[in-house]
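Enquirer: Predicted model follows, preceded by the sequence.
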Amino acid sequence: APLLEETCTPNAYNYNNAGGYNVIAQGTHTANSSGIIANRWSHAYKGIGRCNTLLDNIDLNRELDKSVIEEYKNQARFLRVLFYYMLTTYYGDCPLITTTPAMEHKSLPRTPRTEVVSFMLGELEQLSKVLPPKAEPGHPTSGAALALKARILLFEASPLLNPSHDDQKWRDAADAARAVMDCDSDYELFTAPGQIGSAYRNLFLESGENSSECIFSVQCMNQNKLGLSFELIARQYGTMAPLRDLIDFYCDRDGNARTPGEQRLDPSKIDPRFGATIVYPGCKFMGSTVTATQFQQTGCTIKKYTVYDEHTPTAAEKSIGDTESPIDYMILRYADILLMYAEAKNELNELDETVWNETVRPIRTRAGFTAESALEFPGKDQEKLRAVIRYERRAEFVGEGYYYNDLRRWREAENAMNNLSIYKSDGTLIGTRNFNKERDYWWPVPSSQLEIAPTLRPNNPGW
C-alpha cells in the first residue's frame with residue numbers, strides 16, 4: 001500500500017483506482033470511499049488491539065523467560081507507535097487506546113492528535129533505551145525508535161503543523177535525526193556493488209536487504225505469499241505508471257534542471273537514479289528493448305523494488321505472482337534520516353558545508369553523480385538549499401511512498417497537485433487532478449467507523 005501512494009502525487013498514475021488511491025489523486029474521494037482511506041484506519045486499530053492484548057496478557061505466560069517477555073513487550077510497544085503514527089499522520093485526531101480491545105471503546109471520542117503525538121514520543125524515548133542496537137531482520141531496534149521519533153518530529157515541525165515556523169520544533173527534529181546518525185547501530189548508506197547496476201539500484205534488490213542502510217523493514221517471504229505485488233505491477237498491471245511530470249523532474253548529471261518535454265531520454269546525461277528507477281521506451285528491460293506501446297498506461301513502468309532489470313528473467317522470476325515479491329519494504333532507511341537532518345538544519349539556517357558533506361553529498365555520490373558541480377556545496381542560500389533538499393527527497397525516494405506526505409507537510413500539495421494535468425511519457429494528456437486545500441490535507445474518518453462509533457464525530461474540516 002505505501003508504494004501505491006506514489007499515484008496520489010505527480011509521480012505516477014493508477015488507471016484503475018487500485019487500492020482506492022486514484023480518487024485521492026483526483027480529489028474525488030469521500031468519507032465513503034473504499035480502499036486505503038477505510039482500510040488504513042481499521043487496519044491500524046486491529047494492529048493496536050493486538051499489541052494491547054499482548055501487553056496486557058503476556059506476563060501471565062509461565063513458559064517464556066522474563067527477558068523474552070520484556071523483548072516481546074518492547075517490540076509490541078514499537079509497533080503500536082507505528083500504527084498510531086499512521087493514524088495521526090493521515091487522520092489527525094484519533095482515539096488513544098492502550099488496553100485490550102473492549103466494546104466500550106466504541107464510545108470513545110477522538111483524542112487530540114497533540115496528546116497522541118506526546119504519547120508516541122514518550123514511548124519512543126523509552127524504547128530507544130531498552131531496545132537493542134541490533135536485532136534480527138524485521139525486529140525494531142533502539143535506532144529504529146530514534147528514527148521513528150525523528151520522522152514524527154519532522155512532520156510536527158513542518159509548515160502544515162508549524163505555520164509560524166517555531167524554531168524549537170525544527171531544533172527538536174534536527175536533534176532527533178542527529179541522534180540516529182550518532183547512535184550505536186552504525187547506520188550508513190549502502191554502497192556495496194551487486195549483481196545489477198549501481199549500489200542505489202542494488203539497495204532495492206534481495207542483495208541489498210537488511211543492509212547497513214535499513215533501519216526497519218517489512219520482511220517479505222514469497223514462498224509464504226507474505227510479499228508485495230510489485231513484480232506484477234511492473235511487468236503487467238501498470239497500476240503505478242510513472243508520469244511525464246516525474247520524467248521531466250530529474251536533473252542532469254551536473255545537477256541542473258533539464259528542458260521539459262525532451263523526448264530522447266539518455267540515462268547517461270540524467271540523474272543516475274532515473275535509469276535505476278524507471279523503465280522507459282528505448283531502454284532494455286527483462287531482456288529486450290522496451291517499445292513505445294509496451295506499457296500502455298503511460299509508456300513507462302517502475303523497476304525499483306522489483307527483481308527485474310535489463311537481464312532476461314529466470315524461470316523463477318517470471319513465475320512471481322500476486323503477493324509473492326521477495327523484496328523487503330524499508331519503512332525506515334538511513335538516507336531518509338540524512339535528508340531529515342539536512343532539512344531541519346536548513347530551516348534553522350544552519351546548513352553549512354559540513355552538514356552538506358554529511359548528508360546531501362554522500363547521497364548524491366552513492367546515486368552515481370561524479371560531476372563536482374552536482375556534489376559541491378552550493379552556498380549558504382536557504383531558499384536554494386530548500387529546493388535542493390526537496391529535489392533530493394523526491395529523486396531519492398521515488399516509488400517508496402514518501403512524496404505524498406512530503407507534499408502535505410510542506411503544504412505544497414495545493415500547488416503541486418491542484419488543477420494538475422497529467423501526461424503519458426510521450427506527452428499525451430491523460431486527465432486532470434485536483435486538491436482542495438481547505439479539505440484534502442487530512443483524510444476523513446471513514447463513514448463506516450462513524451456509523452459504529454458516532455462519538456468520533458465531528459469529522460475533519462470539509463468532510
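Expert: That came through, no problem.

Enquirer: measure the residue nearest the centre of the chain to residue 350 for me?
Expert: By Cα atoms, centre = their mean, the chain has its centre lying nearest to residue 402, at 3.2 Å. Distance, residue 402 to residue 350, by Cβ to Cβ, to the nearest Å: 23 Å. The C-beta positions use only the backbone N, C-alpha and C, and glycine is treated the same way.

Enquirer: can you pull out the helices in the stretch 201-350 of the chain?
Expert: Ranges of helices within the stretch 201-350 of the chain are 230-232, 244-249, 272-277, 315-318, 334-347, based on DSSP state H, counting those that start in this stretch.

Enquirer: Of those, which is nearest residue 83?
Expert: helix 334-347 (19.4 Å; Cβ to Cβ).

Enquirer: The closest one - contacts with which helices or strands?
Expert: On a contact count with 3 or more Cβ pairs under 8 Å, 6 or more residues apart in numbering; DSSP states H and E, helix 334-347 meets helix 142-157, helix 167-181, strand 214-218, helix 353-358, helix 360-367, helix 382-397.

Enquirer: picking that back up, which stretch among the helices of the stretch 201-350 of the chain comes nearest residue 68?
Expert: Using Cβ to Cβ, the helices of the stretch 201-350 of the chain put helix 334-347 closest to residue 68, at 28.8 Å.

Enquirer: Need the contact partners of the closest one.
Expert: 147, 150-151, 154, 157, 165, 167, 170-171, 173-174, 177-178, 180-181, 187-189, 212-215, 351, 355-356, 358-360, 362-363, 366, 382, 385-386, 389, 392-393, 396-397, 402 (Cβ atoms under 8 Å, 6 or more residues apart in numbering).

Enquirer: What residues sit buried inside the worst-scoring helix or strand of the chain on mean pLDDT?
Expert: Lowest by mean pLDDT, DSSP states H and E among the helices and strands of the chain is helix 230-232, with a mean of 85. Buried residues in helix 230-232, counted by 16 or more other Cβ atoms under 10 Å: 230-232.

Enquirer: Also stretch 411-428?
Expert: Result for stretch 411-428 [16+ other Cβ under 10 Å]: buried residues 411, 413-414, 416-417, 420, 422-425.

Enquirer: what packs against the strand or helix carrying residue 81?
Expert: If you go by DSSP states H and E, residue 81 is part of helix 66-90. The contact analysis (3+ Cβ pairs under 8 Å, 6+ apart) places helix 66-90 against helix 36-57, helix 113-130, helix 142-157.

Enquirer: Please tabulate the helices of the stretch 201-350 of the chain in JSON lines, including the columns distance to residue 293.
Expert: Below are the helices of the stretch 201-350 of the chain laid out as JSON lines (distance: least, Cβ to Cβ, whole Å):
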{"stretch": "helix 230-232", "distance to residue 293": "19"}
{"stretch": "helix 244-249", "distance to residue 293": "16"}
{"stretch": "helix 272-277", "distance to residue 293": "21"}
{"stretch": "helix 315-318", "distance to residue 293": "21"}
{"stretch": "helix 334-347", "distance to residue 293": "35"}
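
Enquirer: Quickly, which of those bottoms out on average pLDDT?
Expert: When these are ranked by mean pLDDT, helix 230-232 comes last with a mean of 85.

Enquirer: Of the buried residues of helix 230-232, which is the nearest to residue 44?
Expert: Closest to residue 44, out of all of the buried residues of helix 230-232 and judged by Cβ to Cβ, is residue 230, at 22.5 Å.

Enquirer: and that closest one, what does it touch?
Expert: 3, 302, 305-306, 325, 327.

Enquirer: Among those, which lie within strands?
Expert: residue 302 (DSSP state E).

Enquirer: from the contacts of residue 230, which is closest to residue 131?
Expert: Nearest to residue 131 among these, with distances taken as Cβ to Cβ, is residue 327, at 25.0 Å.

Enquirer: ok, that closest one - contacts?
Expert: 204-206, 209, 220, 227-228, 230, 305-307.

Enquirer: Would you mind giving those as a markdown table with distance to residue 320 added?
Expert: Formatted as a markdown table, those follow (distance: Cβ to Cβ, whole Å):
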| residue | distance to residue 320 |
| --- | --- |
| 204 | 15 |
| 205 | 13 |
| 206 | 12 |
| 209 | 16 |
| 220 | 11 |
| 227 | 8 |
| 228 | 10 |
| 230 | 9 |
| 305 | 12 |
| 306 | 9 |
| 307 | 7 |
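
Enquirer: where's the dip in pLDDT among those?
Expert: Ranking the contacts of residue 327 by pLDDT puts residue 227 at the bottom, with 58.

Enquirer: what comes up buried for stretch 90-107?
Expert: 90-97, 101.

Enquirer: same check, this time on stretch 36-44
Expert: In stretch 36-44, counting by 16+ other Cβ under 10 Å, buried: 36-38, 40-41, 44.

Enquirer: Any idea which of the helices of the stretch 201-350 of the chain gets closest to residue 130?
Expert: helix 334-347 (20.8 Å).

Enquirer: and that closest one with strand 214-218, angle?
Expert: Taking axes from the mean of the first three to the mean of the last three Cα atoms, to 10 degrees, one finds helix 334-347 and strand 214-218 inclined to each other by 120 degrees.

Enquirer: Next, the buried residues of helix 334-347.
Expert: So for helix 334-347, counting by 16+ other Cβ under 10 Å, buried means 334-347.

Enquirer: Then stretch 16-36?
Expert: 17-27, 29, 31, 33, 35-36.

Enquirer: And those residues, which two are furthest apart?
Expert: 18 and 31 (20.2 Å).

Enquirer: Please give me every residue in contact with residue 328.
Expert: Contacts of residue 328 by Cβ under 8 Å, 6+ apart are 137-138, 209-210, 214, 217-220.

Enquirer: Check the gap between it and residue 118 for me.
Expert: Distance from residue 328 to residue 118, by Cβ to Cβ: 31 Å.

Enquirer: now do residue 126
Expert: 13 Å.

Enquirer: Kindly report the same for residue 414.
Expert: Counting by Cβ to Cβ, the gap from residue 414 to residue 118 is 28 Å.

Enquirer: next one: residue 71
Expert: For residue 71, the distance to residue 118 - Cβ to Cβ - is 26 Å.
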